[in-house]
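Trainee: Sequence first, predicted model second:
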Amino acid sequence: MKKKKFSWKSFSVLLGIVLLLAAAAAPHYVWTLERSRAGAAEAALVNAAAAENLYFINHKTYTRDWKALERYIPETGEMQGIFAPAGEPGEERFFSFSQEALSRAEDGFSFGIEISQDGKEGKVYAVRAGGPAGYTLSEAFPQPVFACDGDSVAGKWFCGKFSKYIEPFIMRKTAAEPGAKQTAEPAAASARE
């Protein structure tokens, strides 16, 4: 009986199919990975906004000092991301997804706080400069409003898709445009519409 040989032509066809499948799966993989990171950053934003509200109850003003918020922010585990040590008041804080990435200052978000002049409202934000798309996530307080603003075409695409993805999970609507204010609304009510 004669053995069949595996020819270069067959090999190149098989290699082409494998490469085609990999190229089709790559965008979904990148979207899934970036979505999980943005979700962890959004959870950190929600915690920071809640900490600001708790701080306001005790001091009748909001703060830009991460050290003052330390006692109000629950500690996050390694799987959820790591906050870098707080710097000076008003300085940005870095959020990473591993201790190694934190030491290299890559693969994460830079967090900051903006407070209004009267100290009665503000927002916490997370800037993602690295990765496949640059974007900024923000969470306002005391009125909770989530916003995602893309820096580029890919960032705008990601923000549009991420905002639609996260809306059922948050207890309010996302901001229609930067700076827009909306009232808190349960997710169940928005699901009925």
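Mentor: Noted; the coordinates are in hand.

Trainee: Which helix or which strand is home to Ala126?
Mentor: Secondary structure assignment for Ala126, by DSSP states H and E: strand 122-128.

Trainee: avg pLDDT for that strand?
Mentor: Averaged across strand 122-128, pLDDT comes to 91.

Trainee: That strand pairs with which strands, and in what direction?
Mentor: strand 108-115 (antiparallel), strand 135-141 (antiparallel) (DSSP bridges).

Trainee: Mean neighbour count, those: which tops it?
Mentor: Most buried of the strands paired with strand 122-128, by mean neighbour count (mean count of other C-beta atoms under 10 Å): strand 135-141, with a mean of 23. The way it works is simple: take the backbone N, C-alpha and C, and place the C-beta from them, glycine included.

Trainee: Who are the contact partners of the one residue sitting closest to the centre of the chain?
Mentor: Nearest to the mean C-alpha position of the chain, by C-alpha atoms, centre = their mean, lies Ala38 at 2.4 Å. Contact analysis of Ala38 by C-beta atoms under 8 Å, 6 or more residues apart in numbering lists Arg128, Tyr135, Leu137, Cys148, Phe158, Phe162.

Trainee: how about the CA coordinates for the strand holding Ala126, as PDB?
Mentor: The C-alpha trace of strand 122-128 is given here as PDB (Å, rounded to 0.1, in the frame of the first residue of the first chain):
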ATOM      1  CA  GLY A 122     -17.100  66.500  41.000                       C
ATOM      2  CA  LYS A 123     -16.100  63.500  39.100                       C
ATOM      3  CA  VAL A 124     -13.500  60.700  39.300                       C
ATOM      4  CA  TYR A 125     -11.900  59.700  36.000                       C
ATOM      5  CA  ALA A 126      -9.700  56.900  34.600                       C
ATOM      6  CA  VAL A 127      -7.600  57.500  31.500                       C
ATOM      7  CA  ARG A 128      -6.500  54.500  29.400                       C
END
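
Trainee: residue boundaries of the helices in this protein?
Mentor: Applying DSSP state H to the chain gives helices spanning 8-59, 66-69, 99-104, 153-166, 187-192.
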